[in-house]
Each structure stands twice: as C-alpha cells, then as structure tokens.
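mind looking at a prediction? Sequence and model below.
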Protein chains: 2
Amino acid sequence: MRDEEKPAIRSLPLFREVSTQTFEGLMAVSYSQAFPPQLDLFTQGERADFLHILVEGSVALHADWNGREAVMAMVRPVSSFILAACIRDVRYLMSARTLERSRILMLPAVDLRAAIRREPELAAAVMSELASGYRGMVRQAKNLKLRTARERVAAWLLGHAHRQGGVNGFTLPVEKRDLASYLGMTPESLSRALSGLKTQGIALDGARVIITDRERLAAVAGYDPLIDEVGDDI
Amino acid sequence: MRDEEKPAIRSLPLFREVSTQTFEGLMAVSYSQAFPPQLDLFTQGERADFLHILVEGSVALHADWNGREAVMAMVRPVSSFILAACIRDVRYLMSARTLERSRILMLPAVDLRAAIRREPELAAAVMSELASGYRGMVRQAKNLKLRTARERVAAWLLGHAHRQGGVNGFTLPVEKRDLASYLGMTPESLSRALSGLKTQGIALDGARVIITDRERLAAVAGYDPLIDEVGDDI
DNA sequence: CGATTCCTTGACTAAGTTCAAACGGAGTGG
DNA sequence: CCACTCCGTTTGAACTTAGTCAAGGAATCG
C-alpha cells in the first residue's frame, strides 16, 4: 500500500484509537488496489473475506433480486464498508461496484478478527462503527417507509448540501440513475420529482443543483434530524 | 427481577459467554417491570438510558414522522432491543410500545457500557449482536426496495412459518394492522394482498393462515436467503 | 348484549412504473 | 472541425400499484 494513504486511514474512526503496532500490523497484511469505473468488486452471497476501505473514488453497494436492482448505499472516501459481514464471517448481503476509478484497501477479515480479539480499543471502535451503521440503516428504512419519492428527493438534496458543508449549490456526485435507485425509485421518477421541486426552492442545470429556498425545500422534505442527520449521531 | 427469568436472559447471545460475576452485577442494577398492552415504553428522540430486554409479551418498535407511523420491528421474547443507541449513548431513532402485556428488564446503559469496557467477552457479544442487527436492517431495506407489497406479504408468511419451526399453519402473532405497517403498507392493502394470495398457496380463516402450497407461495415471494433467512446468518 | 375495535370490501384517487420516443452532451473517427 | 454514435436523461402517455375514504361485517370485551 502507498504511504500517502496511511494518514487518512489511520484517522478513520475504526483505527484512530488503535495502537500503532496493531495498525501497522493490519496495514502490512492488507493490500491496496486501483479499480476502473463500473467494476464489480464482489457479489452478494460470496463469503466476506476482506474488509474494504475506500481510499479514493466512489463505490455503490447494491442488492439484486429477481432481476431487479437497488443501490443500498453510496460509499465515499475515506470509509470502510461491509464491516458487519467480516465480523460475523458470513456472506455479503450486498454487491459492490465502483462508480469512478477507485483505490481500495483490502484488509483480510481473518486478520481483522484476530486484531479485534487482541485489542480492546479496536473492538470498541468496531462496536461503535457497527452501531452507527445500524442506525444509518434504520434511518434509511424510516425514509423509505414514511416518505414519498418526492419527499425523499427533497430530503436528500438538503442532506447532501449539509454534508458538503452547508453549501447552497453542488453538482450531483453520482449519476442520476444511481441516485434514483438509492432513493428507491426509477430514473424517470427522479427526473419528474426534480422537475416538480423547481417551484419548491431549487434550480436545476443538468447535474448542477442550487438550493434557492432552503426553508421551502425543508418544508417539502419534512426535514427531521432523526432521519436525516447522518453525521455526528445526536 | 424474578429469578425464573434469569436463565432465559443468561442464554441470550448477548450474555451467554459473559462471566457470572459480570452477569450477576448487571442483573443486580437492572429492574424488571410488567407493562399493560399498548403502552409507550419510550419515544424516538429521547436519550437512550436503558437497554431493554423483552422477557415476556411482545413489543413493536415504530417510527413517526409528519403524522405518519411505521412499525420498524416486532420484538419477541427473549431478546434485547435498542442496543445501538445505548452503546453510542445517543437518542432513540424509534419508539417502543407493548403489543400485549409484557415483562421487560431494563438495564441501565451506563452500567452496560462500563461492563463492556471491563469484559472482552461481552464486547464481542455486543459486536456480534450489532452486526446481526445491522444485517437485519439491510435485509429489511432490500425487502422494501426490491419487492412489491404482495411479494413482501408472501415472503413474510413463508419466513414466519419457517421461524415457527417449519409449520404450515399458524395464527398471526400480531394484529394485522401492525403487520401491515411493518411490511410498509396500509391495512387495506394487506387485506387485499392476503385475499389475492388465496389462489397462490394459502388458506385464510381470520388470523389463522395455512400454507397449502409452499412451492407456489415461494414462487410469488421470490424467497431468497439473502433477504429472508433471518436466523443463523449464512 | 351493546359498544367498541378491527377487519374487509368497494369505489375512487394518487403515486409511481413502464414503454417509447426525443433530446442532449461527451467522446470518436473521418 | 464536423458528423456520428453512444449513453444518460427527459418527456409523454398508458398502465399498475397502492393509498384514501366510506360503509358494512365480524369478533371481542366489558
């Protein structure tokens, strides 16, 4: 793996409190690899052999069933994914594919599990990470069950603007069809939902979105910290 | 707390591997209480002060937003709930209410966190439990995103029959409207979906369901271990 | 019993999907 | 440099699914 990647990985919630010895040990058995866009990293149902850490690029976790597909999560650097399957030593429930060219660190699940057994600080971090991931999924399920498609779109726009540092304008970080799938709708529905929101506080230009009336958009979205505040758990 | 409850709690995945000393310590600071049906135990947004363990009865975890409500999970004995919020010392994302008269053990989150710090076996069990909960939520999100209402109903029926020990007939363990909400639909839709399934391998008599043609029902449901096999993680 | 609560059914409405076609931008090759 | 192609997006129209509203029925519980 590259040395310039290390500091970013070291500062992940997962490794921040871990001893240097353990961290270096884990890095020594991991390997980093670059993947082209649209490449399948693994497929649901396979055994979880590696904890993946996205260092650069972007990755979609998706699920397939009966010929249908849904994007379950969109991963951005630097963060790990599919920790739960690695911990339990079971099969992936989701597949992963790169959206852009991506650099990924692959950490053997066996070594991770061994390190956890040795180092309580790592165990604590994993626990915290899993709890956070669990709550993220609860939020997603709430979003799906309680909101309409249009409301989900409005909420996502607000949430993304917020995560970008409270900006008003941004360009969509992924293709619209992937976003649509993530939000549980078809690309056509997303397109129409976005059009419909043009009178509700946003302006559109291709993949560029500008929030012109935050209050109004928030009213449509029914913005709620217990669904949308993904960041520092309240 | 009552002594006759202890063995069941002791054999929970969470406490099975824990030292007797720690276990007894935790039990000593916990208290068990009986609640009437339809009682709110806590409300989303409140601080998570107690890990709850359902000893007897049944509990629904639900989420509310903008005047709408959705049942997110149905808890049956003996199992713990809202572990993630306790671990992270944050607010509940869901509310809880009893469905029947229930006996619940309440374990102060502070003591739980302290015990975890002291005992690696407990930390490991918590980790495993959280990972399992996370995967459960992923399954639920997949279910919601990929399946139609009718397919979810069919899959739930099969899953429930399977969890009951592979029986063919059973009576619904909760009221239909709660089941409907859990499955992300209205009571009317559930009613119609069940009627529609009468030609697809089930027979109905009020709350009693008999699976007459498992194959056929499984075909409608598109039964998939990566969504439906809730039990021992594959 | 009578009252309440839950479930079912029917008719209607709204939301979202599907299919098809047109549009538009990015990259390619003549 | 322009035409061409490819692919994602947009738009329109028909259709399907699920939700809403309202009324009737069935079961339950004081």
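That came in fine, so what should we check first? As the structure is a prediction and not an experimental result, all values here were calculated from the model. Numbers count the residues shown, from 1 in each chain, chains lettered A, B, ... in the order given.

buried sites along the top helix by length along chain A?
As far as residue count goes, and with DSSP state H defining each element, the longest helix of chain A is helix A:120-146. Buried positions in helix A:120-146, judged by neighbour count with 16 or more other CB atoms under 10 Å in any protein chain shown: A:120, A:122-146. Using the backbone N, CA and C atoms, a C-beta is placed for each residue, glycine as well.

touching DNA strand C at all, it?
No. Using CB under 7 Å from any atom of the strand, helix A:120-146 never reaches DNA strand C; the gap is at least 10.1 Å.

what's the next secondary structure element after that helix?
Sequence order places helix A:149-163 as the next helix or strand after helix A:120-146, per DSSP states H and E.

next helix or strand past that next one?
In the C-terminal direction from helix A:149-163 (assignment by DSSP H and E), the next one is strand A:169-171.

avg pLDDT for that next one?
For strand A:169-171, mean pLDDT is 96.

what sits up against that strand?
Contacting residues not belonging to strand A:169-171 are listed as A:160-161, A:164, A:207-211 [CB atoms under 8 Å, 6 or more residues apart in numbering or on different chains].

residues in contact with the helix or strand that it is followed by?
Moving toward the C-terminus from strand A:169-171, the first helix or strand encountered (DSSP H and E) is helix A:176-182. Applying CB under 8 Å, 6+ apart, the external contacts of helix A:176-182 come out as A:60, A:62, A:69-74, A:99, A:156, A:172, A:174, A:186-187, A:189-191, A:207.

close to DNA strand C, is helix A:176-182?
No. Residues of helix A:176-182 are not located near DNA strand C by CB under 7 Å from any atom of the strand, the shortest gap being 7.8 Å.

all helices for chain A, in order.
Chain-ordered helices for chain A, with DSSP H as the definition, fall at A:6-10, A:20-29, A:83-88, A:109-118, A:120-146, A:149-163, A:176-182, A:187-196, A:214-221, A:225-228.

kindly reformat those as CSV containing mean pLDDT.
Formatted as CSV, those follow (pLDDT from 0 to 100):
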stretch, mean pLDDT
helix A:6-10, 94
helix A:20-29, 97
helix A:83-88, 97
helix A:109-118, 97
helix A:120-146, 96
helix A:149-163, 97
helix A:176-182, 98
helix A:187-196, 98
helix A:214-221, 97
helix A:225-228, 96
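
closest to residue A:52 out of those?
helix A:83-88 (8.9 Å; CB to CB).

and that closest one, how far from the chain's centre?
Remark: helix A:83-88 is offset 16 Å from the chain centroid, using CA atoms, centre = their mean, to the nearest Å.

and for stretch A:42-52?
Here the centre of stretch A:42-52 is set off from its chain's centre by 16 Å, with CA atoms, centre = their mean.

let me know the closest of the contacts of strand A:169-171 to chain B.
Distance from chain B was checked for each of the contacts of strand A:169-171 by CB to the nearest CB. The minimum falls on residue A:160, at 19.1 Å.

check contacts around the closest one.
When the contact criterion is CB under 8 Å, 6+ apart, the partners of residue A:160 are A:170, A:173.

could you measure from the residue in chain A sticking out farthest from the centre over to residue B:5?
For chain A, the C-alpha farthest from the mean C-alpha position belongs to residue A:199; by CA atoms, centre = their mean, that distance is 29.6 Å. Shown here: residue A:199 relative to residue B:5, a distance of 58 Å by CB to CB, to the nearest Å.

circling back to that earlier point, indicate which one of the helices of chain A is closest to residue B:38.
The minimum distance between residue B:38 and these falls on helix A:120-146, with 20.9 Å, by CB to CB.

between helix B:120-146 and that closest one, find me the angle.
20 degrees (axes from the mean of the first three to the mean of the last three CA atoms, to 10 degrees).

does DNA strand D have contacts with helix A:120-146?
No. Helix A:120-146 is not in contact with DNA strand D by CB under 7 Å from any atom of the strand; minimum separation 8.9 Å.

circling back to that earlier point, the contacts of helix A:176-182, buried ones only, as a ChimeraX selection?
The following ChimeraX command selects only the buried members of those, with burial defined by 16+ other CB under 10 Å:
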select /A:60,62,70,71,72,73,74,99,156,172,174,190
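
filter the contacts of helix A:176-182 by proximity to chain B?
A:69-70, A:72 (CB under 8 Å from any CB of the partner chain).

beta-bridge partners for residue A:205, please?
When bridges are assigned using DSSP bridges, the partners listed for residue A:205 are residue A:208.

my bad, should have said residue A:103
residue A:34, residue A:56.

look up how far residue B:204 lies from it.
Applying CB to CB, the value for residue A:103 to residue B:204 is 55 Å.

neighbour-wise, which of those two wins?
residue A:103 (19 against 12; other CB atoms under 10 Å in any protein chain shown).

so which of the helices of chain A gets nearest residue B:84?
Counting by CB to CB, residue B:84 lies closest to helix A:120-146 out of the helices of chain A; the figure is 4.0 Å.

quick one: the closest one near chain B?
Yes. Using CB under 8 Å from any CB, a contact is recorded between helix A:120-146 and chain B, made by A:120, A:123-124, A:126-128, A:130-135, A:137-142, A:144-146.

now which of the contacts of strand A:169-171 would you call buried?
A residue is treated as buried here by neighbour count (16+ other CB under 10 Å); on that basis the buried members of the contacts of strand A:169-171 are A:160-161, A:209, A:211.

just want the most central residue of chain A.
Centre-most residue of chain A, counting by CA atoms, centre = their mean: residue A:75, 3.1 Å.

that one contacts residue A:61, doesn't it?
Yes. Applying CB atoms under 8 Å, one finds residue A:75 in contact with residue A:61, separated by 6.6 Å.

from the chain's centroid, how far away is stretch A:95-111?
Per CA atoms, centre = their mean, the centroid offset for stretch A:95-111 relative to its chain is 13 Å.

picking that back up, of the ones next to chain B among the contacts of helix A:176-182, just say which sits nearest to chain B.
Of all these, residue A:70 has the smallest distance to chain B: 3.9 Å, by CB to the nearest CB.

anything in stretch A:174-194 near DNA strand D?
Yes. On the criterion CB under 7 Å from any atom of the strand, stretch A:174-194 is in touch with DNA strand D at A:175-177, A:187-188, A:190-192, A:194.

make a markdown table out of those and add distance to residue B:20.
Converted to a markdown table, the residues of stretch A:174-194 next to DNA strand D look like this (distance: CB to CB, whole Å):
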| residue | distance to residue B:20 |
| --- | --- |
| A:175 | 56 |
| A:176 | 57 |
| A:177 | 56 |
| A:187 | 58 |
| A:188 | 60 |
| A:190 | 56 |
| A:191 | 61 |
| A:192 | 61 |
| A:194 | 59 |
